[in-house]
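Peer 1: Any chance you can model this:
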Amino acid sequence: MAEPDTDHLREWAASGELREWAASGAMALTGRRDGPPIAAPGSAATMTTAALRDVAETTVQRTGRAPALPGAQILGERAAIAGLQRAGPLSCGGAFRVLATSDGWLGLSLPRPSDLELIPALIESDVPPDVWVAVSAWAASTTTRAAAERVALLGMAGGAVPDPHRTDRAGVLVSEYGPRRHRRERPRVVDLTALWAGPLCAHLLDLGGAEIIKVESTRRPDGARFGPARFFDLLHGGHDMVALDFHDPQAIDALRELLADADLVLESSRPRALAQLGIEATEIVAAGTSWLSITARGRDDDGVGFGDDVAAAAGFVVADGTDLLPCGDALADPLAGVRAAASASTALLAERACLIDVSMLHVAAEAAAGPPAEEHCVHFHDDTWWVHTSGGRFPVHDPVARTPRVAAAALGAANARWLGRQ
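Peer 2: Numbering: from 1, shown residues only. Below you'll find the model as predicted:
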């Protein structure tokens, strides 16, 4: 048998990824505002498409019906709704940047007011008039390792670019198998996640016919509620909304009952958060409910991470002049979300409960490690950016977003149904 033409296969993969990257809306978000869109390394778009295909196939096995799933355009949906544009060297959301250190690069996210309050402690100076100018000067005066250690010490989101630990494990780990479980015709999923990756996973499971119960804290609801309503509606429309005071022992008892009766639990908090409430994932799995965690760097790491800084640490950056620019919009979030959905959909088919550990860093690193883009150039004409390759040309599409099916329910709207006493 003749050996396969691996060079040809690599070229085909690179060409397919570049075309899908351009069509996804994420390429339009990569680069400088006054410059051309830029191709990303690896295979973010094709990996997204493959994971969505896995969700579809396992859903057909479970239900006999093909779900109506989105495509790789989900990579740009949040930006489309929020009106974000490429803004290198900043992320398109404006809260992340890759900074040059004395011997390398440091990624840093400043999305929360508390992050800005920590800037004097980070740079060991007074509050600067221009945060990014001051932080850039501080980074340039120290090593990557020292800067990353200080960022971690202060509980901020960021670290070395690339992260030296990005290849030390698989993106998705499955372990801690529990007993045989009864499979409901319509699986019940309790969603404890917030922001983008976890809710995207829940949304895709919902499109596959699962029943989703979203649980939020009455004191600290999902932060995405305070962002664009259309994006929150897109990911949560049709889900039952439960709100609990996590400082109330009776509420924690009610949460335990809800988890025990679920087929699958989704969570995206740092491992110690639920443990402090006396809720252990391994105990839930041992009782017959599958559990899926989405964290920045895995369940054994308590660090903070957001989609932009984690993606950069994984290798999703592009060089432009003297800067490294981020790729897409919080790219690690949708990548982790679709991979989590594929694993969760498989778990809903399984006879035994299991614990699934999804690391955003390592999922993104697997995607970033794909083949480089084929040789190409990008030109603007007819009011459109076009990618030109040896095989032809294709347009760079702007981000687009689907229309939500229904508006998301209010905080705690389903308490009476699921908690009774509330």
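Peer 1: Quick check: which element contains residue 136?
Peer 2: helix 131-140 (DSSP states H and E).
Peer 1: counting contacts, what elements does that helix pack onto?
Peer 2: In terms of contacts (3 or more Cβ pairs under 8 Å, 6 or more residues apart in numbering; DSSP states H and E), helix 131-140 is packed against strand 96-100, strand 105-109, helix 119-123. In short, each C-beta sits where N, CA and C put it, glycine included.
Peer 1: of those, which approaches residue 400 most closely?
Peer 2: Comparing the helices and strands packed on helix 131-140 against residue 400 with Cβ to Cβ, the closest turns out to be strand 96-100 (22.9 Å).
Peer 1: what is the rounded mean pLDDT of that closest one?
Peer 2: If you average the pLDDT over strand 96-100, you get 98.
Peer 1: which residues touch it?
Peer 2: Strand 96-100 is contacted from outside by 89-91, 105-111, 132, 135-136, 139-140, 147, 161, 306, 308-309, 312, 317, 322-326, using Cβ atoms under 8 Å, 6 or more residues apart in numbering.
Peer 1: Buried only: go through those for me.
Peer 2: 89-91, 105-111, 132, 135-136, 139, 147, 161, 306, 308-309, 312, 317, 323-326 (16 or more other Cβ atoms under 10 Å).
Peer 1: thinking again about what came up before, residues contacting the helix or strand just after the helix holding residue 136, please?
Peer 2: Remark: after helix 131-140, the chain's next helix or strand is helix 144-153, criterion DSSP H and E. If you take Cβ under 8 Å, 6+ apart as the criterion, helix 144-153 is touched by 99, 101-106, 108, 122, 138-139, 142, 157-160, 303.
Peer 1: Export helix 144-153 to CSV, keeping only CA atoms.
Peer 2: What follows is helix 144-153, C-alpha atoms only, in CSV (Å, rounded to 0.1, in the frame of the first residue of the first chain):
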residue,chain,number,x,y,z
THR,A,144,8.5,36.9,32.4
ARG,A,145,8.7,34.4,35.3
ALA,A,146,8.8,37.1,38.0
ALA,A,147,6.0,39.0,36.4
ALA,A,148,3.8,35.9,36.0
GLU,A,149,4.4,34.9,39.6
ARG,A,150,3.4,38.4,40.8
VAL,A,151,0.2,38.3,38.7
ALA,A,152,-0.7,34.9,40.2
LEU,A,153,0.1,36.1,43.8
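Peer 1: Can you mark which positions in it are buried?
Peer 2: 144, 147, 148, 150, 151.
Peer 1: could you pull out the helices for the stretch 151-300 of the chain?
Peer 2: Assigned by DSSP state H, counting those that start in this stretch, the helices in the stretch 151-300 of the chain fall at 197-207, 229-236, 249-260, 271-275, 281-286.
Peer 1: still on that earlier bit, buried subset of the contacts of helix 144-153?
Peer 2: Neighbour-count burial (16+ other Cβ under 10 Å) applied to the contacts of helix 144-153 gives 99, 101, 104-106, 108, 122, 138-139, 142, 157-160, 303.
Peer 1: Closest one to residue 376 out of those, please.
Peer 2: Using Cβ to Cβ, the buried ones among the contacts of helix 144-153 come closest to residue 376 at residue 105, 25.1 Å.
Peer 1: what residue ranges in the stretch 1-150 of the chain are flagged as low confidence?
Peer 2: 1-15 (pLDDT under 70).
Peer 1: again, only using 50
Peer 2: Applying pLDDT under 50 to the stretch 1-150 of the chain flags the ranges 1-14.
Peer 1: Which residues are in contact with the residue nearest the centre of the chain?
Peer 2: Nearest to the mean C-alpha position of the chain, by Cα atoms, centre = their mean, lies residue 333 at 1.2 Å. Taking Cβ under 8 Å, 6+ apart, we find residue 333 in contact with 195, 196, 197, 200, 306, 307, 360.
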